[in-house]
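> mind looking at a prediction? Sequence and model below.
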Amino acid sequence: MRTLFAGPTVLARAARSAIVIALPALAACTPADYADGITGFSQAVTQANATEQALIAADQQVRLDQWIAAGVAAKANVAFVNWPKCQSPAGQHKAGDCAVTLNGTPAPVATASSLSGLVKYATVLSAVVADKTCASLQSDAQSLATTIGDIAKDTRDKSLAADASPLMTIASAAGCFLIETKQLEILRDATKAANPIVQDLIKAISITDVALQQDAINATVIQLLTQAAPAYEMSKTAASLKTVLALSQSLDQAQAAPIGPVLAKLGTLHQTLTDDLQSPTVSLKRVENDAQSFIASAQTVATAAKALATPAPAPAPNTKAK
Amino acid sequence: MPSDPTSLTDLTESIGKGQAAFNAVCALQAAAIGKGDAATIKSLGDKIQVLGNQLSQLYGKQIAGNAGAIAALNNQLDAVTAAAQSAENDLVSLTNVVNDVVTASKLLDGILSLIKTV
């Protein structure tokens, strides 16, 4: 047997050597110190994206309403851009191939999202933390420590058994430290490298989103001042007054929630995330709190955008205002 | 405002002036509505429609022009994201190594048990 197996004591020592080499990669750690902050930032980016989608939808809806109203007012002729494409066989047809124009003007299309890069970036930051928490490693570390103890017991070598407990302690203290360090290293490097780009990107996104919001507000103003209010002046009906009220309220809501300052908060949030990750004692509590504040503000903008896109109630004829 | 602004700076300037003019005409219209001045309401309403459509086109141009800058910045951010992803993958490998060591140590444990019973 001794030629086949080196012997229990030698094997146990070899196993212990192998484990000691690997152990620094294991054990208890608390990535929660930064996990919640990273999650908060990721949620903030998700909300920023949802808010932009609401602005895009609102702007497209009001521009579509304008396009229809202008076409009807001009008694415009409807034309198919390329009729055969409305009949192309399945598999050859692309979205948007079958389109109409009014007096040569195509229907407005939705603006493309400007946050796709930021969403991808935030997802990866979350993945670094969420998928690589030390929980599984801790579990592995415990089973490994148990195994070491078992090996020591199996060898019936008292000196090895005595070694087992301190070894487990060292594993717990030092093991996961490396994983945590690796995670932090990635987060620190990524946020530091990304920060100047993110700051510029958020400024560019802000230009687009401010334009989308202002365009939607303008369209609602036009509807209110050129259609709804004059219609009430002419008819003095309760229904037309309700339309005026609904449009005024949606304008009030949108004007009270400008997107520009909200997006500026997202830039500040990433700056804080970058700075606080660089700190020797990492605490992302500030990021967590600021992220929640950002999410609340961005949700308000999204709600206001949805109100702008909601069609005002159509005036019912012959209903006199009281 | 310039009829065909060529740069984003020109556009921003044109939009600023156009938006101010639009706001001013809208304020006049709101006052006319308050007075029930039907002729003025109709006249200003037409101007608001025209100005609003021009302004909307300028906002569309600004968004389209800005899309190029956003795409370039997104490409840069994608490079950072890819680097972080790559580093994350290394961490996965590290976890796998750890799991392999656990398996190996269990195997050794089994061998030791076998020796004990022989």
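Received, thanks.

> buried ones in the host helix or strand of residue B:26?
Taking DSSP states H and E as the definition, residue B:26 sits inside helix B:8-35. Buried positions in helix B:8-35, judged by neighbour count with 16 or more other Cβ atoms under 10 Å in any protein chain shown: B:11-12, B:14-15, B:18-19, B:22, B:25-26, B:28-29, B:32-33. To be clear about C-beta, it is placed using only N, CA and C from the backbone, and glycine gets the same treatment.

> same thing with stretch A:71-78?
Buried, per 16+ other Cβ under 10 Å, within stretch A:71-78: A:71, A:76.

> give me the nearest residue to residue A:213, chain neighbours excluded.
residue A:259 (5.0 Å; Cβ to Cβ, 6 or more residues apart in numbering or on different chains).

> the bottom helix or strand of the chain by mean pLDDT?
Assuming you mean chain A. helix A:158-174 (a mean of 42; mean pLDDT, DSSP states H and E).

> chain B was what I was after
Least confident helix or strand, chain B: helix B:38-117 with a mean of 80, by mean pLDDT, DSSP H and E.

> element containing the residue nearest to residue B:73 when sequence neighbours are not counted?
For residue B:73, ignoring the flanking residues on the chain, the nearest one in space by Cβ to Cβ, 6+ apart is residue A:201 at 4.2 Å. Here residue A:201, judged by DSSP H and E, is contained in helix A:176-222.

> for the record, mean pLDDT for that helix?
Mean pLDDT, computed over helix A:176-222, is 88.

> elements contacting that helix?
Packing partners of helix A:176-222 (3 or more Cβ pairs under 8 Å, 6 or more residues apart in numbering or on different chains; DSSP states H and E): helix A:32-73, helix A:116-130, helix A:135-154, helix A:238-255, helix A:259-278, helix A:285-309, helix B:8-35, helix B:38-117.

> name the next helix or strand downstream of it, please.
That would be, after helix A:176-222 and using DSSP H and E, helix A:229-235.

> and that next one, anywhere near chain B?
Yes. Residues of helix A:229-235 contacting chain B under Cβ under 8 Å from any Cβ of the partner chain: A:229-230, A:233-234.

> pull the CA atoms of that helix into PDB?
Coordinates of each C-alpha in helix A:229-235 appear next as PDB, following Å, rounded to 0.1, in the frame of the first residue of the first chain:
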ATOM      1  CA  ALA A 229     -59.300  76.800 -24.800                       C
ATOM      2  CA  PRO A 230     -60.700  78.400 -28.000                       C
ATOM      3  CA  ALA A 231     -63.200  75.500 -28.200                       C
ATOM      4  CA  TYR A 232     -64.400  76.200 -24.700                       C
ATOM      5  CA  GLU A 233     -64.700  79.900 -25.600                       C
ATOM      6  CA  MET A 234     -66.900  79.000 -28.500                       C
ATOM      7  CA  SER A 235     -69.000  76.300 -26.800                       C
END
